[in-house]
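# here is a sequence together with a model predicted from it:
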Amino acid sequence: MRHFKLRPETLRILCILIFLYSLQLLFVPRFATSAALGNVLGRSTLEGMLAAGATVALLMGQIDLSIGSTAALATALAVGMSRSIPEALVIGALVGVAAGLLNSVLVVVVRINSFIATLGTMIFLRGATYLYTGGQSLTGELLEQSLLMNLPLIGPIAPRVVIMLVVVLTLALLVGPTRWGLELKAIGGDQAAARAAGVPIGRRVLLGFVLAGLAAGVAGGVQGVSLNGATPYLGSSVLLPVLTAVVIGGTSLLGGKGSVIGSLLGVLTLSTLAVGLNLLRIEAPVQQLIIGSILLTLIILERAQDPHSGTRRRVFQWLPQLRRAGR
Amino acid sequence: MSVDKRVMLPTPGRLSVGRQLRANGIFVAVTAVILAGALVVPNFGTLDNFSAVIRSVSFIGIIAVGMTFVVIAGAMVDLSIPTAVAGAAILAIRLQDYGLPVAIGAALLIPTLLGVVNGFVCGVLRVNPVVGTLATTTVGGGLILIGTNGGEFSYGSSDAFYRFGTHYVFGLPISVWVMLAAFIVGHWLLAHTRYGAYVYATGSNYAAARASGVPVRLTVFIAFVLTSLLAAISGILIAAYSNLAAFKVADGYEFEVISAVLIGGASLLGGTGSMIRTLAGVIFAGVVTNILILFGAPFEAQLMVKGTIIIVAVALDIWLARRNSE
């Protein structure tokens, strides 16, 4: 059971989320409503699943840039082809698995650096999405289903949020306390050591990419049904919020350390912030500036705290000098 | 240490076909697509088309010089290029009321500051460049959007600026000459100076380079500053050519540039690549895009072909490398 212990980073982001939420409850008008909570959760469905997938890739020391394009293709196919919720989810999942397999073949078999491989599939899948939609927005025949997906079930929680939570928690359980999850983190931490310890690296990385793709595909399917429509450029600017959420959730970009739950909390934190800023009528460019600054500050702090980087020593050496200069 | 191993191969007489292909495959590929284009594609061989291709190639090529330093130094990628290009274009157009020197000076200086931040975050603090430059590009993009009222277009008022941008020197657009100059200076820096040697050393083995006294952090820092400076120059040339500036002027340039560098055979792991091969990669990507456009291929098909080319080029490179080492 000791594996279920929360990582300090996860606890940190949980505290930040609770603090931010309480702050906004007190100071942001109309934030203390069930609709606002529903809005926060609704905003988190797509990015929550994408962040969970991205976390799995990062844990094993890889990066998956193609999640946004995978979700876009899954959305388009789900809207264009499905007539029911299960159909849409299955189509999304199939697209996701196919994209994950493509990525993992390129990374594991051809041994291309995951950054380039997923950059290539990102551009390729985006092109495929444009091809399928003809470059235009699609409207599906899922009006009733889309109403159902957005209908508040328990309090403000809609079915699409439930699906997101199921996907994220499943991934969290898979990479959390299991032997498989530990092996994944071992690969991300030190690939040579993991190989020496007998971890079948190829098969693990393959499965990791398939899971990341699966999460993105299901996210796309859910998005398709919920909106009853698809745009070819869906998810093209999702990389920044997703990576920001993953980083503030405590997942290391160097691999080996992190948690899916932390990433979910990171997504919820960003959604909370976005809903609050919207209610305060702060414009999108300023919001972009704020979120970018948060990411920049956090990655710099992360490096500063890393005892191996030498940055901490450096910064603390600078501080007294700065103070002296200030006098 | 200062030269690309693939260009300086041992005893030319004993090269196997595989090795030759790996060392010079990109040049074969460039020649092949140009020949194929000239033979098969209508209107490819015309002077107008040639002029259009090299102009569109030049805007990407100027930035690719900087990105080659970043990639060889092992810092993977600079995703902030669109922001630097757009920022330079917007400053160059909007500040023309204060006189051209002010406009061009600001357009060179301010985007280069973005490179200084990139270099500090990714070079000195050693943050993963994908995330580090993604963060700086978001902050920079936010600032541009705020400054331009959400990304409004702006048009130039200076005739001299527009005339400069559309000027031809010895039959070639001015931006092509700038690109050639950038490649020559870049090649000299990379292959013939101590800094170039530092770049290869940093990229091939960071720890070893550091242990042997290479200023690794400074090397990566300079590579990022160079890239932003070149992106700013490219942005000014784009603004001068079109006489307008928009926030989305360079959307997707980061991927075009990194594709060209990788197609040229530089490794994302750092330590390999050369300026001449990057130039070949830039021309290859430009010609392929041009052929697709002449064939009337829609935008989506262009995307799919580009994605495939990146993967095939890198896979081929890895396959040939593995075959040669066996």
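Received the coordinates, thanks. Keep in mind that this is a model prediction, so the values were computed, not measured.

# do you know the pLDDT at residue B:20?
Residue B:20 is assigned a pLDDT of 61 by the prediction.

# ok, how many other residues are close to residue 182?
With no chain named, the answer covers chain A. Other residues near residue A:182 come to 15 when the count uses other C-beta atoms under 10 Å in any protein chain shown. (C-beta placed from N, C-alpha, C; glycine too.)

# wait, chain B
Neighbourhood size, residue B:182 [other C-beta under 10 Å]: 23.

# in what element of secondary structure is it found?
Here residue B:182 is covered by helix B:174-192, with elements defined by DSSP states H and E.

# before we move on, what about residue B:277?
Assigning secondary structure by DSSP H and E places residue B:277 in helix B:275-294.

# next one: the helix or strand just after the helix holding residue B:182 to chain centre, how far?
On the C-terminal side of helix B:174-192, the nearest following helix or strand under DSSP H and E is helix B:194-204. Once both centres are worked out by C-alpha atoms, centre = their mean, to the nearest Å, helix B:194-204 turns out to sit 19 Å from its chain's centre.

# what's the mean pLDDT across the next helix-or-strand element following helix B:194-204?
For helix B:194-204, the following helix or strand on the C-terminal side (DSSP H and E) is helix B:206-211. The average of the pLDDT scores along helix B:206-211 is 92.

# residues from the stretch 201-327 of chain A in reach of chain B?
Taking C-beta under 8 Å from any C-beta of the partner chain as the contact definition, the stretch 201-327 of chain A meets chain B at A:232, A:239-240, A:243-244, A:247, A:253-254, A:283-293, A:295-296, A:299-300, A:302-304, A:309, A:311.

# which among these count as buried?
The neighbour-count criterion (16 or more other C-beta atoms under 10 Å in any protein chain shown) marks A:232, A:239-240, A:243-244, A:247, A:253-254, A:285, A:288-292, A:295-296, A:299-300, A:302-303, A:311 among these as buried.

# what does the stretch 101-250 of chain B put close to chain A?
Contact residues of the stretch 101-250 of chain B with respect to chain A, defined by C-beta under 8 Å from any C-beta, are listed as B:121, B:125-128, B:130-132, B:134-139, B:141-143, B:145-146, B:150.

# correct me, but residue B:304 touches residue A:132?
No. Contact criterion C-beta atoms under 8 Å: residue B:304 and residue A:132 do not qualify, at 11.3 Å.

# what's the burial count for the nearest residue to residue A:25 once chain neighbours are set aside?
Distance criterion C-beta to C-beta, 6 or more residues apart in numbering or on different chains; nearest residue to residue A:25, sequence neighbours excluded, is residue A:32 at 4.9 Å. Neighbouring residues of residue A:32 were enumerated by other C-beta under 10 Å; the total is 11.

# go on, residue A:152?
By the measure other C-beta under 10 Å, the count of residues near residue A:152 is 16.

# show me where chain A has helices.
According to DSSP state H, chain A carries its helices in the segments A:8-27, A:34-59, A:67-81, A:85-104, A:114-133, A:143-150, A:159-175, A:179-189, A:191-196, A:201-227, A:239-248, A:260-279, A:284-305, A:311-326.

# return the most buried member of those helices.
Highest mean neighbour count of these: helix A:67-81, a mean of 29 (counted as mean count of other C-beta atoms under 10 Å in any protein chain shown).

# that one - what's its average pLDDT?
94.

# helices and strands of chain B: which one has the lowest mean pLDDT?
Taking mean pLDDT, DSSP states H and E as the measure, the helices and strands of chain B show their lowest mean at helix B:17-40, namely a mean of 76.

# and after it, which helix or strand comes next?
Moving toward the C-terminus from helix B:17-40, the next helix or strand (DSSP H and E) is helix B:47-72.

# what helices and strands are in contact with that next one?
Counting contacts by 3 or more C-beta pairs under 8 Å, 6 or more residues apart in numbering or on different chains; DSSP states H and E, the secondary-structure elements packed against helix B:47-72 are helix B:81-94, strand B:172-173, helix B:174-192, helix B:194-204, helix B:216-242, helix B:253-263, helix B:275-294.
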